[in-house]
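*Asks:* quick one, fold the following:
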Amino acid sequence: MRVVLFGASGLLGWSVYQELNRRGFESIQYCQRPSDKGPLSSFRGLSLVDEMQLTRELLDQWPDAIINCAAVSSPDSVNQDPRGAAKLNVDGAQKLAEISSHLGARFIHISSDMVFEGREEPYRSTDLPKPVSEYGNQKLEAEKKVLSAIDENVVVLRLTLINGNSPRANRSPHERIFESIQKGQPLTLFDDEYRQPCSADNVASVVVELLERPNLTGLFHWAGTEVISRFELGKRILERFGFSASSLNRGSINESSKRVGRRPAKLTFELSPLMGKIKTKPQNIREQLEGLKVPDGLFKWYKENANDPSKYTLRI
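*Replies:* Residues are numbered from 1 along each chain as shown. Next comes the predicted model:
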């Protein structure tokens, strides 16, 4: 199977790229800012905003499957430039879906739990979305466009907060915590904002398994097995790497809404519909944290600054 992957330099895209390699797929990776050296040097630069170039490239490649991990995924960035973000998050997703339909390619599109407003009980894929942020609105609109453009051989996979290791070491929760410690600027994480974190590597296994399962189409949810506040997750990350809890500040989503915008207080997913159909199993938080790495460029800094650097051993 010949697979085209968009957003390959992001947190999830990077894991999907590695999983495709492990499973022996022929794949072509695209991102907006490829590098001349390092792990991204084999990636190709291609913007979803350039419809003409996008169409020409995919017609030349004629893939069997297209995976779309590309997005402006920061709600703050979307708020700063909603029209620019929509060109990628909505228009780009729609164009990829239309091209996939023309090619007869399987299309897997990544969406978000932010299409919901938040509630105590877990959401099912059949529940009515009601986003409370511009980012959530854009992800919901993209879902509608994708599912309207393709009536079969398509999967929209909604995900939650993702743990993992990004190629530029700046995308995942633990990498951002490291950055804040380096700068001496403790992060403020909310103790009343609850999520059901998942692992990028675990999601990548799900995505690649879905590639091989054309009988599975439509809208699905995936997450980890545990619900936790962002503040508690930050504490667990610090403990995992041997840092003091003083490296974090405790905040409240309700008290900070004017500054950060409205956010759902609790987002959780019912996983049984997809769990019953695939071999990959969701991970608990301990399993997710075990897979996290100190970025290579920070290892010397880590050894010198962690309260207990024995908590982590460099992986080669």
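
*Asks:* next helix or strand past the helix or strand that contains L20?
*Replies:* Secondary structure from DSSP states H and E places L20 in helix 11-22. Note on helix 11-22: by DSSP H and E, the next helix or strand toward the C-terminus is strand 26-31.

*Asks:* within its sheet, name the partner strands of that next one and how each one runs.
*Replies:* Partners of strand 26-31 in the sheet, by DSSP bridges, are strand 2-6 (parallel), strand 44-45 (parallel).

*Asks:* re earlier: can you pull the buried residues of the helix holding L20?
*Replies:* By 16 or more other Cβ atoms under 10 Å, the buried positions in helix 11-22 come out as L11, L12, G13, W14, S15, V16, Y17, Q18, E19, L20. Glycine gets a C-beta too; all of them are placed from N, C-alpha and C.

*Asks:* repeat that for stretch 207-220.
*Replies:* Of the residues in stretch 207-220, V207, V208, E209, L210, L211, T217, L219, F220 count as buried by neighbour count, 16+ other Cβ under 10 Å.

*Asks:* and stretch 38-53, by the same measure?
*Replies:* Residues L40, F43, L46, S47, L48 are the ones in stretch 38-53 that count as buried (16+ other Cβ under 10 Å).

*Asks:* quick revisit: reformat the buried residues of helix 11-22 into a markdown table and put pLDDT next to each item.
*Replies:* Listed next are the buried residues of helix 11-22 as a markdown table, based on pLDDT from 0 to 100:
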| residue | pLDDT |
| --- | --- |
| L11 | 97 |
| L12 | 98 |
| G13 | 97 |
| W14 | 97 |
| S15 | 98 |
| V16 | 98 |
| Y17 | 97 |
| Q18 | 97 |
| E19 | 98 |
| L20 | 98 |
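
*Asks:* out of the residues you listed, who's nearest P186?
*Replies:* L11 (22.4 Å; Cβ to Cβ).

*Asks:* can you pull the contacts of the closest one?
*Replies:* Counting by Cβ atoms under 8 Å, 6 or more residues apart in numbering, L11 touches I162, G164, N165, S166, R171, S172, A200.

*Asks:* just the buried residues of those.
*Replies:* Buried residues within the contacts of L11, counting neighbours by 16+ other Cβ under 10 Å: I162, G164, N165, S166, R171, S172, A200.

*Asks:* can you tell me the element the fifth one falls in?
*Replies:* Looking back up the chat, that one is R171. Under DSSP H and E, no helix or strand contains R171.

*Asks:* can you flag which of the buried residues of stretch 207-220 belong to strands?
*Replies:* In strands, judged by DSSP state E, the following of those are found: L219, F220.

*Asks:* could you save the buried residues of stretch 207-220 as a markdown table and add columns showing distance to K279 and pLDDT?
*Replies:* Shown next, in a markdown table, are the buried residues of stretch 207-220 (distance: Cβ to Cβ, whole Å; pLDDT from 0 to 100):
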| residue | distance to K279 | pLDDT |
| --- | --- | --- |
| V207 | 13 | 98 |
| V208 | 11 | 98 |
| E209 | 6 | 98 |
| L210 | 11 | 98 |
| L211 | 13 | 96 |
| T217 | 18 | 96 |
| L219 | 20 | 97 |
| F220 | 15 | 98 |
